[in-house]
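Undergrad: Quick check, what structure comes out for this input:
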Amino acid sequence: MNAYRLFSLTSLVLISSVINAQLTIVVDEIPANTPEDPQIFVAGDFQGWDPGNPTYQLEEQFDGSFLIEISPAPGPITFKFTRGSWDTVEGNENGGFLPDRQYTWDGNPTTLTLQILTWEDTGGLESTAAENVSIMDPGFYMPQLDRYRRIWIYVPPDYETNTDKYYPVLYMHDGQNVFDGLQALWANGK
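TA: Take a look at the predicted model:
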């Protein structure tokens, strides 16, 4: 009988620790142009992608960071940060589209520390690209690298009006710095 009770108590403790396991998400840096007294939420596949669900609002800490503890099912999770709506979702370093964040949680107590680069509604720094430089695809997926990249295109200034002229084509890998000084700043960690 004592062995049975010990087994039951041990099982109860193990089940309780699994049920109470938490994934702590800490945002230790937000964009400088974030509106005052921000309300930051996490929205993801673990909560129905609701961008302003009050249950998933991060709490501001004394050090200026934001924190939330969640208990999703162990395994891969996909999520983004918002300020309460999809209009105020986090953006990439230039204020544009940022693919969903992904993390695989093993079910053990874990702290995940992240930064928010920009918000899509407040943008990033100003681009220096000429008018004849455009973004053909903001999120071109490369399955071989499991990454998204922006595809830029430059056309000569008279390209639209000069239909009799042929232009050579040049393809560049990681050539965004050629078109936009802002990209050069980000590439150099500014």
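
Undergrad: in the longest strand seen in the chain, what's buried?
TA: If you go by DSSP state E, the chain has its longest strand at strand 133-142. Applying a neighbour-count criterion of 16 or more other C-beta atoms under 10 Å, one finds 133, 135 buried in strand 133-142. (C-beta placed from N, C-alpha, C; glycine too.)

Undergrad: In CSV, list the C-alpha atoms belonging to the following helix or strand past that strand.
TA: Downstream of strand 133-142, the first helix or strand assigned by DSSP states H and E is strand 147-154. The C-alpha trace of strand 147-154 is given here as CSV (Å, rounded to 0.1, in the frame of the first residue of the first chain):
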residue,chain,number,x,y,z
ARG,A,147,14.0,32.0,-45.4
TYR,A,148,12.1,34.8,-46.9
ARG,A,149,13.8,37.6,-48.9
ARG,A,150,12.7,40.8,-50.5
ILE,A,151,13.2,40.9,-54.3
TRP,A,152,14.2,44.4,-55.6
ILE,A,153,14.1,45.5,-59.2
TYR,A,154,15.8,48.5,-60.8
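
Undergrad: Which other helices and strands does strand 147-154 contact?
TA: strand 133-142, helix 176-179 (3 or more C-beta pairs under 8 Å, 6 or more residues apart in numbering; DSSP states H and E).

Undergrad: Select, out of the ones you listed, the one closest to Val169.
TA: strand 133-142 (13.4 Å; C-beta to C-beta).

Undergrad: Work out the gap between that closest one and the centre of the chain.
TA: Distance of strand 133-142 from its chain centroid, counting by C-alpha atoms, centre = their mean, to the nearest Å, is 17 Å.

Undergrad: follow-up on the earlier one: compare the mean pLDDT across the helices and strands packed on strand 147-154 and name the weakest.
TA: The stretch with the lowest mean pLDDT among the helices and strands packed on strand 147-154 is helix 176-179, at a mean of 64.

Undergrad: And the most centrally placed residue in the chain, how far from Val155?
TA: Among the residues of the chain, the one closest to the centroid is Arg101, at 4.8 Å (C-alpha atoms, centre = their mean). Counting by C-beta to C-beta, to the nearest Å, the gap from Arg101 to Val155 is 34 Å.

Undergrad: Let me know the next secondary structure element after the lowest-mean-pLDDT helix or strand in the chain.
TA: Each helix and strand of the chain was given a mean pLDDT (mean pLDDT, DSSP states H and E); the minimum falls on helix 2-19 at a mean of 47. Following helix 2-19 in sequence order, the next helix or strand is strand 23-29 (DSSP H and E).

Undergrad: Give the other helices and strands that whichever helix or strand comes after that following strand contacts.
TA: Counting by DSSP H and E, the next helix or strand C-terminal to strand 23-29 is strand 41-44. With contacts defined as 3+ C-beta pairs under 8 Å, 6+ apart, the packing partners of strand 41-44 are strand 75-82.
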